[in-house]
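> quick one, fold the following:
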Amino acid sequence: MFKKAIEAKSLQRLSGADRKKLKRTVKEKFSQASDADIDIIFPPKAEITVAKFPNRAHVYAVEGDFPMIFDIDGRGTEIYPTVYALWKVPNLLPAFLLKGGEVSRFVIGGADLMFPGISIPPEGLPSFSVGEPWAVKVPGNPAPIAVGTTTMSSSEALKASLRGKALRITHYYRDSLWESAEGHHVPNAGFFEDVVLEDPAFVSVCQTPEAHEATSSASNDLHGDGGRGNGEGQSLEIQYARIQLDVNASTEVDQKDEIPEEITADMSGLKVVDTISFEDINAEQQQHTLSIEEIDALLDKCLLQALHTTVKDKDLPMPGSTLWSSHVLPCRPSGITLDIKKSSHKKLSKWLQSKSSAGLISAKEDKHKKEVVLTRVNRGHPDYMSFRPDKRQPQSADHRNDSAPVEGRQEKLQLEVVEIYKPSTHVNPIFTSVGDDPGNFYSATEATDVVFRYAENQNLVKPTDKAAVVLDAVLCDALYKGTVKKGSSYPTEIHKKDLGPTFISRMQVHHRVSRGNESAVRKGALKTVQIVTERRQGNKKVTRVSGLESFLMDAEALASELQKKFACSTSVAELPGKKGQHEVLVQGGVIHDLGKILVEQYGIPKRYIEVLDKTRK
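This is a model prediction of the structure:
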């Protein structure tokens with residue numbers, strides 16, 4: 001089901017209760033898994049995220065880590081571990097062993113597993129029933145390469161003489177789900193590398209650090225690097241490599257000849273690291289080495305830097321989330337991840353309250369927004385006066401430690417909204433008479449110029465009153481046909497100041513919206529962006545924003561940005577009965593901050609934003 005690349009339509013964090021429920025469900029589905037195995041897949045204190053896909057699949061992952069569990073229909077009835085989870089806990093599922101590498105070529109190509117490709121152990125075919133989740137392994141390798149569901153029971157398979165389909169593959173090594181996490185760092189996951197043999201097949205190899213050290217010298221000699229591995233100096237936990245061995249290039253043996261087992265054994269340790277940068281991984285390792293005291297000191301330094309450089313008294317009072325995302329985070333050193341959860345305070349509110357108790361700032365809790373608000377900065381405080389801010393360009397609040405660009409991130413390009421008009425059947429003869437195309441769009445000024453050129457060409461300006469225009473039959477029909485009641489006479493002249501507005505009122509109103517190189521024309525009045533805050537169960541506030549498509553905004557990109565901006569969960573859903581129109585749901589009452597972002601960062605005029613707070617009595 002992950003053969004083709006597919007993008008998640010929403011991503012959100014699980015609450016504590018949902019995390020416990022997920023672990024219970026996984027434990028029930030995989031009975032042979034121990035509590036320790038579940039903790040390896042989902043560490044107790046780690047945040048778990050769920051990505052929801054258009055095909056109803058839910059993918060659960062440890063935040064910043066690999067996907068571990070996927071749910072086919074999102075109902076909890078068909079749950080499977082990913083290849084990454086099986087690399088951490090290889091015995092989480094029972095597994096079929098392939099006869100050889102030639103079969104693995106088809107499995108990792110997306111084909112289902114057939115019984116003739118399975119190696120039957122001497123004790124006979126293991127017992128299984130229909131619909132059970134099973135993994136697929138290659139000989140000599142404990143790391144599974146695929147996951148699927150049995151299509152028949154073991155007794156039915158024996159009756160069919162082990163013919164037909166054994167496993168319907170749902171996820172396999174190098175499919176789109178695997179590719180979505182390739183290149184990430186998994187702490188304590190061990191060393192994984194895949195060896196791609198041009199002949200006879202693709203073979204996945206999972207190798208422990210000890211085995212890698214035992215074979216690294218052979219790898220270096222074969223690749224001619226004089227004993228210096230390309231990954232020298234890097235932790236084995238973060239060395240992920242891909243290698244393609246050309247049998248013809250490395251040996252003079254013909255591809256059809258059989259490769260000796262000794263050479264194959266040595267090849268399992270080969271490692272060639274592609275030309276990639278480890279700066280981001282080094283930064284992450286540096287962050288992991290920081291003690292709690294060092295993180296606390298770094299927090300205080302970033303706060304003082306922000307108070308000196310970007311936090312102005314005119315901006316107060318300021319929500320704590322805004323102070324954190326727009327002021328404190330941009331002041332952190334380059335390449336360092338600042339995580340409040342790894343400090344001694346654990347929460348942003350507690351940290352700000354501690355600074356308030358120390359007298360550096362004044363902060364209080366907003367009962368309506370349920371967050372701490374910065375109300376005053378004590379610029380006479382000794383800590384503030386003794387601090388010397390760094391003279392450097394602050395790091396962007398949206399900066400990520402990944403060197404790769406963020407897919408789907410929306411460029412905040414200048415927005416331009418222009419009201420334009422298209423000629424209707426009433427005014428088409430006027431445009432044809434002056435030689436303009438009635439199929440084009442015109443601004444108000446251009447349309448007014450057309451009707452005045454017509455009046456000038458036809459000598460319709462009244463000789464005795466230069467401010468009046470005499471109406472001929474064509475112009476009279478263009479301005480008034482269908483608007484005059486029966487029995488009433490048509491006007492014979494019109495004042496010049498009324499000619500332009502009356503002519504424009506007979507045209508079709510459109511709007512042209514442009515953002516960068518993208519432009520769209522829509523008929524009628526421009527629809528507004530609607531921001532609504534309301535209460536949900538448990539007296540929680542949520543903020544909904546819709547109508548983004550009118551201003552060429554990507555709902556998914558905005559949801560991702562707001563998730564980081566407000567440090568909260570966001571989701572995107574299609575509006576019922578409105579195909580192609582989406583709504584972004586933000587946890588919390590952020591109606592005013594969200595409106596400010598749309599105006600200041602995305603350039604949407606205030607007149608096109610409607611705000612409704614349903615939480616106010």
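
> could you use CA atoms for every contact and neighbour count after this?
Will do.

> all helices for the stretch 351-500 of the chain, in order.
Using DSSP state H, counting those that start in this stretch, the helices of the stretch 351-500 of the chain run over 382-386, 428-434, 444-457, 473-480, 496-505.

> contact partners of the last one?
The one in question is helix 496-505. With contact meaning CA atoms under 8 Å, 6 or more residues apart in numbering, helix 496-505 is reached by Y421, V427, A444, A447, T448, V451, F452, A467, A468, V469, A478, L479.

> buried ones in the following helix or strand past that helix, by neighbour count?
Once helix 496-505 ends, the next helix or strand along the chain (criterion: DSSP states H and E) is strand 508-515. Within strand 508-515, the residues scored as buried using 16 or more other CA atoms under 10 Å are V509, H510, H511, R512, V513, S514, R515.

> partners of strand 508-515, with directions?
If you go by DSSP bridges, strand 508-515 pairs up with strand 415-422 (antiparallel), strand 518-523 (antiparallel).

> I38: which of the ones you listed is closest?
When the strands paired with strand 508-515 are ranked by proximity to I38, the top entry is strand 518-523, at 47.4 Å, counting by CA to CA.

> downstream neighbour of that closest one in the secondary structure list?
strand 529-536.

> that next one pairs with which strands?
Each strand that strand 529-536 pairs with, and the sense of that pairing, follows from DSSP bridges: strand 540-546 (antiparallel), strand 609-613 (parallel).

> most tightly surrounded among those?
Highest mean neighbour count of the strands paired with strand 529-536: strand 540-546, a mean of 21 (counted as mean count of other CA atoms under 10 Å).

> tell me the helix or strand right after it.
helix 555-566.

> re earlier: filter the contacts of helix 496-505 down to the buried ones.
For those, burial is judged from neighbour counts taken by 16+ other CA under 10 Å, and it is met by Y421, V427, A447, T448, V451, F452, A468, V469, A478, L479.

> which two among those residues are spaced furthest apart?
So, those by CA to CA: farthest apart are Y421 and A468, at 24.8 Å.

> which stretches of this protein have low pLDDT?
Low-confidence segments of the chain, defined by pLDDT under 70: 1, 64-65, 101-102, 181-289, 335, 367-370, 391-413, 617.

> if we use 50, what do you get?
Low-confidence regions of the chain, defined by pLDDT under 50, span residues 182-288, 393-411.

> what residues does the helix of greatest length in it touch?
When secondary structure is assigned using DSSP state H, the longest helix within the chain turns out to be helix 292-309. Applying CA under 8 Å, 6+ apart, the set of residues contacting helix 292-309 from outside is 327-329, 331-332, 338, 342-344, 377, 384, 387, 389-390.

> what's the first helix or strand after it?
For helix 292-309, the following helix or strand on the C-terminal side (DSSP H and E) is strand 318-319.

> chain center to the helix or strand just after that following strand, what's the gap?
Going down the chain from strand 318-319, the next helix or strand is helix 320-323, by DSSP H and E. In this view, helix 320-323 has its centroid 22 Å away from the chain centroid, taken as CA atoms, centre = their mean, to the nearest Å.

> ditto for stretch 533-545
With CA atoms, centre = their mean as the basis, stretch 533-545 stands 23 Å off its chain's centre.

> next, the distance between the ends of it.
When the termini of stretch 533-545 are compared using CA to CA, to the nearest Å, they are 9 Å apart.

> ditto for stretch 426-442
Stretch 426-442 has its terminal residues 15 Å apart, counting by CA to CA.

> mind listing residues that contact it?
420-424, 450-451, 453-454, 474-475, 477-479, 481, 503, 506-507.

> can I have the buried ones of those as a PyMOL selection?
The PyMOL selection below is limited to those of the contacts of stretch 426-442 classed as buried (16+ other CA under 10 Å):
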select buried, resi 420+421+422+423+450+451+454+475+477+478+479+503+506+507
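
> now the buried ones among the contacts of helix 496-505 as CSV including distance to Q587?
CSV is the format used below for the buried ones among the contacts of helix 496-505 (distance: CA to CA, whole Å):
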residue, distance to Q587
Y421, 40
V427, 51
A447, 47
T448, 49
V451, 53
F452, 55
A468, 60
V469, 60
A478, 53
L479, 52
